[in-house]
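*Asks:* coords please:
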Amino acid sequence: MKKNKKLFISGMALVVIIVVIAIFFFARKSASVSKAPVSHLSGDSSAMTYLASQEQTLESGDRVFGDANAALKIFVYEDYASVYSANLADTLEKIRGEVGDRLTLVVRPYFTSSPDSRLAASVMACAGEQGKWQEMRALLFAKVKNQQADNLDWESYAKQIALNENNFETCLTNQEKSGTIEQEVRTAENDGVQGAPTMFIGDEIILGARPYDDFVDSSGDKVIGLKNLIENKLK
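*Replies:* The predicted structure follows:
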């Protein structure tokens with residue numbers, strides 16, 4: 001009898017342990033799923049769309065093209081050493097010229113582990129200190145598209161857009177400024193940015209340089225082009 005009782009107690013203990021392990025495993029699995037991106041719509045990097053955890057809002061110091069009170073704001077995270085970011089910038093500028101003051105572009109920096117990518121973000125920020133971020137952005141993207149972005153010649157760039165070279169150099173070596181740029185990138189990653197270019201359009205995150213026109217992706221799926229996507233948002 002005592003032996004049966006011991007077996008029963010041992011069996012119940014084993015069941016409890018199994019149940020606890022199962023609950024722990026399920027809780028961890030549920031937590032990992034909740035952190036995953038929502039609704040990956042296609043396999044092509046130019047067509048990847050996710051649901052944003054929250055919509056972006058204008059912040060002091062943002063670089064803005066257009067009226068801040070426009071009907072639609074697009075927040076774009078750019079790598080100033082990337083041809084994909086340069087191509088998307090051209091597409092967005094074309095659309096902005098077509099839809100007029102209904103659209104505002106807010107451009108924000110993002111850099112990778114590439115030294116040129118990090119330096120380009122700093123060059124942009126320091127040009128902005130002198131009120132010439134638009135000129136520097138245009139110059140950097142022009143160099144990228146002409147395959148001249150390797151080993152950024154920032155001294156030459158400063159001269160081309162008439163920056164105060166001493167102030168510009170001081171800014172580039174300023175550790176506080178560098179820390180601010182890195183914090184901006186960390187904040188972007190917390191919001192779901194995984195690379196550049198990345199766009200936030202309302203509650204959607206769009207990865208890659210979405211083409212102007214509708215297209216068929218590598219999986220054979222039809223994907224709405226950026227022009228029609230923006231027009232639909234403006235309706």
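*Asks:* then stretch 48-58 to CSV, C-alphas only?
*Replies:* Extracted in CSV, the C-alpha atoms of stretch 48-58 (Å, rounded to 0.1, in the frame of the first residue of the first chain):
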residue,chain,number,x,y,z
MET,A,48,8.0,44.4,-47.8
THR,A,49,5.2,46.0,-45.7
TYR,A,50,4.7,45.8,-41.9
LEU,A,51,2.2,47.3,-39.5
ALA,A,52,3.9,49.9,-37.4
SER,A,53,3.7,49.7,-33.6
GLN,A,54,2.9,53.4,-33.6
GLU,A,55,2.7,56.2,-36.1
GLN,A,56,5.6,58.7,-36.4
THR,A,57,5.2,62.3,-35.4
LEU,A,58,7.2,65.4,-36.2
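*Asks:* can you map out the strands along this protein?
*Replies:* With DSSP state E, the ranges of strands along the chain come out as 49-51, 63-65, 72-78, 103-109, 198-201, 204-207, 215-216, 222-223.
*Asks:* where does pLDDT dip in this protein?
*Replies:* Residue ranges of the chain with pLDDT under 70: 1-47, 148-151.
*Asks:* follow-up on the earlier one: which of the strands of the chain sits closest to residue 174?
*Replies:* strand 103-109 (15.5 Å; CB to CB). No exception for glycine: its C-beta is placed from N, CA and C like everyone else's.
*Asks:* which residues are contacting that closest one?
*Replies:* Contact with strand 103-109 is made by 56, 58, 62-68, 70-78, 80, 89, 92, 95-96, 121, 124-125, 137, 181, 184-185, 188, 230, 234, as judged by CB atoms under 8 Å, 6 or more residues apart in numbering.
*Asks:* drop anything exposed from those.
*Replies:* 56, 63, 65-66, 70, 72-78, 80, 89, 92, 95-96, 121, 124-125, 137, 181, 184-185, 188, 230 (16 or more other CB atoms under 10 Å).
*Asks:* about what we covered before: format the strands of the chain as CSV; extra columns: distance to residue 152.
*Replies:* Output for those, formatted as CSV (distance: least, CB to CB, whole Å):
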stretch, distance to residue 152
strand 49-51, 31
strand 63-65, 19
strand 72-78, 15
strand 103-109, 14
strand 198-201, 22
strand 204-207, 25
strand 215-216, 32
strand 222-223, 34
